[in-house]
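S.K.: this is the structure alone, sequence omitted:
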């Protein structure tokens, strides 16, 4: 069985998104219907994409802070308040 932990290290975000999109479109159209293994792969890929996106966002916030961006600027780039950006990333980034 495919699990997020089993594939996370071996697949890039780009390839995970491409495979996810392929399976998602087939699932939406229903022709041919996804097999059980493919549906489970779709779920696992979704989790991998979410994990990689969150980690990538944390790295980008850290890079922005190192480049001198304020929390207000970071929040603006993320579409949230400076307080929300700091609460989500401040401890991890500033420590």
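M.R.: Looks like it arrived, so ask away. Note that the structure is a prediction, hence the values are computed from the model and not measured. Numbering: from 1, shown residues only.

S.K.: contacts and neighbour counts: CA atoms only from here.
M.R.: Noted.

S.K.: which parts of stretch 79-93 are buried?
M.R.: Neighbour-count burial for stretch 79-93 flags 81, 82, 84, 85, 86, 89, 90 (criterion: 16 or more other C-alpha atoms under 10 Å).

S.K.: quick one: low-confidence residue ranges for this structure.
M.R.: 94-95 (pLDDT under 70).

S.K.: tell me where it has helices.
M.R.: 4-7, 13-29, 36-66, 71-78, 82-94 (DSSP state H).

S.K.: what's around the nearest residue to residue 23 once chain neighbours are set aside, how many residues?
M.R.: Residue nearest to residue 23 in three dimensions, not counting chain neighbours: residue 42, with 6.4 Å by C-alpha to C-alpha, 6 or more residues apart in numbering. Look at residue 42: counted by other C-alpha atoms under 10 Å, it has 22 neighbours.

S.K.: and the gap between residue 42 and residue 91?
M.R.: 33 Å (C-alpha to C-alpha, to the nearest Å).

S.K.: just to revisit the earlier point, may I see the buried residues of stretch 79-93 organised as TSV, with distance to residue 74 added?
M.R.: Formatted as TSV, the buried residues of stretch 79-93 follow (distance: C-alpha to C-alpha, whole Å):
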residue	distance to residue 74
81	9
82	7
84	10
85	7
86	9
89	10
90	11
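
S.K.: quick check: residue 33 touching residue 24?
M.R.: No: using C-alpha atoms under 8 Å, residue 33 makes no contact with residue 24, being 10.8 Å away.

S.K.: who's more crowded, the two?
M.R.: Taking other C-alpha under 10 Å, residue 33 and residue 24 do not tie; residue 24 has more neighbours (17 against 13).
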